[in-house]
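Q: Based on what follows, work out the 3D shape:
(one chain, ligands or ions: 2)
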Amino acid sequence: MPLGHTQWEELRVAPGEPLHLSARATSGTRFLDDKTADQDLLGFNTELAAAQELLYSTGSRALLVILQGLDTAGKDGAIKHVMSGVSPQGCMVTSFKEPSREELAHDFLWRSVTHLPPSGYIGLFNRSYYEDVVVVRVHPDRLIPQPNGSREPPPASFWHHRHDDINAFEHHLDRNGTQVVKLFLHLSKEEQRRRLLDRLDTPTKHWKFSPADLVERSSWSDYQAVYEEVLTATSTTWAPWFVIPADDKHVARALVAWVIVRSIEAMDLVPQTLSPEKESAIKAAREQLLAE
Ligand code: AMP
Ligand code: MG
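A: Ligands and ions are numbered 1, 2, ... in the order given. Predicted coordinates:
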């Protein structure tokens with residue numbers, strides 16, 4: 001079954017409608033066959049390379065892709081496989097880790113700003129300022145310093161204000177030429193268990209394991225509830241969220257690539273037309289080289 005408008009709408013979080021993650025499948029096999037997903041991915045890779053070239057050559061707009069998901073959801077693998085084929089000169093990937101002291105001394109959006117893609121580029125955030133409404137909401141003790149100096153968990157309004165600030169920030173980006181598209185890799189708890197075990201059983205994957213992964217896993221249901229609220233509050237017409245079923249890596253990667261390709265297509269970029277001067281310069285240069 002080819003991917004089209006119906007699948008797009010099924011993956012998207014409709015602005016203003018409450019998202020229920022438990023009602024969204026973590027298996028993506030009703031979107032794509034897992035046996036042929038790698039083939040689909042190759043096709044989308046080719047389309048993405050062409051779309052990126054068009055983005056670069058028109059030079060007037062940028063695309064910001066935000067990838068979120070729990071540990072082992074497949075963010076790194078998706079970046080590696082989806083961006084293969086895209087010119088490294090046309091894209092920039094930023095991975096956001098725990099903020100430094102300097103970053104914490106600023107407002108929560110500050111550190112993202114210098115990593116935003118300039119016109120013509122695809123910028124990809126591996127985690128983002130969404131951590132500032134997710135991980136620190138699940139663990140309010142990590143929210144240091146708090147604006148009012150309090151060590152108590154902040155009231156709900158504190159988080160709602162951050163959602164409003166994110167929506168305003170993304171609206172600002174959209175109005176200034178940067179299309180924002182956000183992907184949540186939706187994993188089941190059982191598949192995370194399998195992937196963590198695989199990390200422990202495979203020596204070459206040991207570097208990926210962090211004991212913190214199990215700590216975060218113990219807050220699984222808190223994360224689901226917080227993501228549900230955040231995605232509902234911040235899926236907008238100008239910066240929509242997509243919930244990507246992540247239990248099948250190959251299907252997930254193909255779907256991520258597809259959503260990115262369609263997002264660039266939806267920007268309706270018009271290939272630059274040549275000025276008469278440039279057209280005659282090309283003709284002259286061609287004749288000169290042929291005459292050599
Ligand atoms: P990884 O993606 O496995 O390299 O882990 C990065 C870690 O940094 C995760 O535990 C994130 O939750 C954490 N992190 C990223 N951004 C923030 C943030 N703004 N505030 C707190 N923790 C963060
Ligand atoms: Mg990790």
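
Q: give me the residue from the stretch 51-200 of the chain nearest ligand 1.
A: The nearest approach of the stretch 51-200 of the chain to ligand 1 comes at Glu131, 3.4 Å away (CB to the nearest ligand atom). Where C-beta positions appear, they are placed from N, C-alpha and C, glycine not excepted.

Q: Can you check the pLDDT for the nearest residue to that residue once chain neighbours are set aside?
A: Once flanking residues are discounted, Glu131 sits nearest to Phe96: 6.5 Å by CB to CB, 6 or more residues apart in numbering. The confidence metric pLDDT takes the value 98 at Phe96.

Q: ok, now the one 5 residues further on?
A: With respect to pLDDT, Arg101 scores 90.

Q: So which residues of the protein form helices?
A: Here the chain has its helices, by DSSP state H, at 5-11, 37-58, 75-82, 101-104, 110-113, 135-138, 156-175, 189-201, 212-217, 220-234, 249-265, 276-291.

Q: for those, which one sits closest to Val65?
A: Evaluated with CB to CB, the helices of the chain place helix 249-265 nearest to Val65, the distance being 5.9 Å.

Q: Give me the nearest residue to Asp40, chain neighbours excluded.
A: Spatial nearest neighbour of Asp40, excluding adjacent residues (CB to CB, 6+ apart): Ala254 at 4.3 Å.

Q: could you list every residue that touches the one you found?
A: Leu32, Ala37, Asp38, Asp40, Leu41, Phe44 (CB atoms under 8 Å, 6 or more residues apart in numbering).

Q: quick one: low-confidence ranges for the stretch 1-150 of the chain?
A: Applying pLDDT under 70 to the stretch 1-150 of the chain flags residues 144-147.

Q: What parts of the protein come near ligand 1?
A: Selection of the chain residues close to ligand 1 by CB under 6 Å from any ligand atom yields Asp71, Phe96, Lys97, Glu98, Pro99, Arg127, Glu131, Asp132, Val135, Val136, Arg142.

Q: For the first one, list the residues it contacts.
A: This means Asp71. Per CB under 8 Å, 6+ apart, neighbours of Asp71: Gln192, Leu196, Ser210, Asp213, Glu216, Arg217.

Q: isn't Trp238 right up against Val181?
A: No. Judged on CB atoms under 8 Å, Trp238 makes no contact with Val181 at a distance of 10.3 Å.

Q: Tell me which of those two has more neighbours.
A: Val181 (18 against 14; other CB atoms under 10 Å).

Q: Can you check what pLDDT the model gives the nearest residue to that one once chain neighbours are set aside?
A: Distance criterion CB to CB, 6+ apart; nearest residue to Val181, sequence neighbours excluded, is Ser263 at 4.4 Å. Model confidence at Ser263, given as pLDDT, is 97.

Q: In contact with the closest residue to Thr26 other than its chain neighbours: list those residues for me.
A: Residue nearest to Thr26 in three dimensions, not counting chain neighbours: Ser188, with 4.1 Å by CB to CB, 6+ apart. Contact analysis of Ser188 by CB under 8 Å, 6+ apart lists Thr26, Ser27, Asp247.

Q: any idea how far the second one lies from Glu170?
A: Counting by CB to CB, to the nearest Å, the separation of Ser27 from Glu170 is 30 Å.

Q: ok, now Arg151?
A: Applying CB to CB, the value for Arg151 to Glu170 is 31 Å.

Q: same thing with Gly4?
A: Using CB to CB, Gly4 is found at 26 Å from Glu170.

Q: Name the residue in the two with the higher neighbour count.
A: Ranked by neighbour count (other CB under 10 Å), Gly4 and Glu170 place Glu170 first, with 21 against 9.

Q: pLDDT wise, what is that one at?
A: Looking at Glu170, the pLDDT reads 98.
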